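In: Fold the following for me, if possible:
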Amino acid sequence: MTAPAPRLRVLRPAGEVRAAVLLLHGGQESSLGRAHRLRPAYLRMLPFARDLHRHGRRHGIAVWLLCNRYRGWNKPDLHPVADARWAIAEIRRAHPGVPIALVGHSMGGRVALRVADERGVVAVCALAPWTTEKDHVDQLAGKRVLIAHGDRDTTTSPDASYAYAERAKLVTPDVCRFDIRDGDHAMMRRARMWTLLVRRFVLGALGT
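Out: Numbering: from 1, shown residues only. Got it, this is the predicted structure:
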């Protein structure tokens with residue numbers, strides 16, 4: 001059987017690419033089931049991609065969506081981390097030298113925070129991220145970081161992401177942690193607020 005491969009979808013601006021944003025979808029702690037573009041975890045990122053493309057294309061921002069090989073985090077292999085590093089390398093190959101922002105949800109938020117040390121990454125936006133007290137923060141030095149969590153989230157812990165933000169503040173001053181009032185894990189409640197928060201952070205961090 002052929003091993004699965006990560007896949008990328010790219011929404012390009014009309015003119016020169018001056019910056020890029022990579023969207024990373026969620027998953028689960030352990031699963032070797034194949035991720036695909038019809039699963040809710042991937043579909044949740046589409047509204048953000050379309051909004052960023054709509055408002056960023058005139059500024060030369062290319063929007064990249066990653067579909068992982070597998071659904072799981074899968075310690076110790078950390079498949080989605082490897083997939084994200086591969087996708088960032090593809091962005092660098094296509095657009096050398098452009099600044100890159102990462103936007104991840106749930107497990108994808110944990111991935112985005114983990115791979116912030118990649119060359120070219122200037123900002124990380126983690127939405128309802130799955131974080132633990134063991135997740136390190138040194139890789140965030142010099143980055144802009146936004147962490148947002150719905151206060152009704154029962155899937156990942158708002159308290160844990162707040163504690164992570166406090167630790168991140170020790171290595172970079174540019175950390176913001178937002179509570180989304182009445183927000184849930186799927187980001188269906190207060191959807192406009194989630195979208196606007198991501199748009200403003202990404203466009204600002206990429207210097208538009």
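In: if we look at stretch 152-162, which residues are touching it?
Out: Residues outside stretch 152-162 that contact it (Cβ atoms under 8 Å, 6 or more residues apart in numbering): 106, 126, 128-133, 147, 149-151, 177, 179, 182-185, 189. Every C-beta, even on glycine, is put in place using the N, C-alpha and C of the backbone.
In: Show me which of those are buried.
Out: 106, 126, 128-131, 147, 149-150, 177, 183-185, 189 (16 or more other Cβ atoms under 10 Å).
In: and Val122, that one's in a strand?
Out: Yes - counting by DSSP: H, G, I helix; E, B strand; the rest coil, Val122 falls inside a strand.
In: can you tell me how far it sits from Asp174?
Out: 10 Å (Cβ to Cβ, to the nearest Å).
In: okay, and the common contacts of the two?
Out: Lys143, Arg144.
In: helix, strand or coil for Ala148?
Out: Following three-state DSSP, we place Ala148 in the strand state.
In: correct me, but it touches Leu196?
Out: No - counting by Cβ atoms under 8 Å, Leu196 is not a contact partner of Ala148; they are 10.9 Å apart.
In: Buried ones in the helix-or-strand element of the chain with minimal mean pLDDT, by neighbour count?
Out: In the chain, the helix or strand scored least confidently by mean pLDDT, DSSP states H and E is helix 40-43, which has a mean of 92. If you call a residue buried by 16+ other Cβ under 10 Å, then helix 40-43 has these buried ones: Ala41, Tyr42.
In: Break down this protein into its strands, ranges please.
Out: 7-11, 19-24, 61-67, 100-105, 121-127, 144-150, 175-180 (DSSP state E).
In: CA atoms only for stretch 99-111, dumped as CSV, please.
Out: Output of stretch 99-111 as CSV, limited to C-alpha atoms (Å, rounded to 0.1, in the frame of the first residue of the first chain):
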residue,chain,number,x,y,z
PRO,A,99,7.6,36.3,6.1
ILE,A,100,5.3,33.4,7.1
ALA,A,101,2.5,33.4,9.6
LEU,A,102,1.1,30.1,11.0
VAL,A,103,-2.6,29.6,12.0
GLY,A,104,-3.5,26.4,13.7
HIS,A,105,-6.6,25.0,15.4
SER,A,106,-6.7,22.5,18.3
MET,A,107,-3.9,20.0,17.5
GLY,A,108,-2.9,22.3,14.7
GLY,A,109,-2.5,25.1,17.2
ARG,A,110,-0.1,22.9,19.1
VAL,A,111,1.8,22.1,15.9
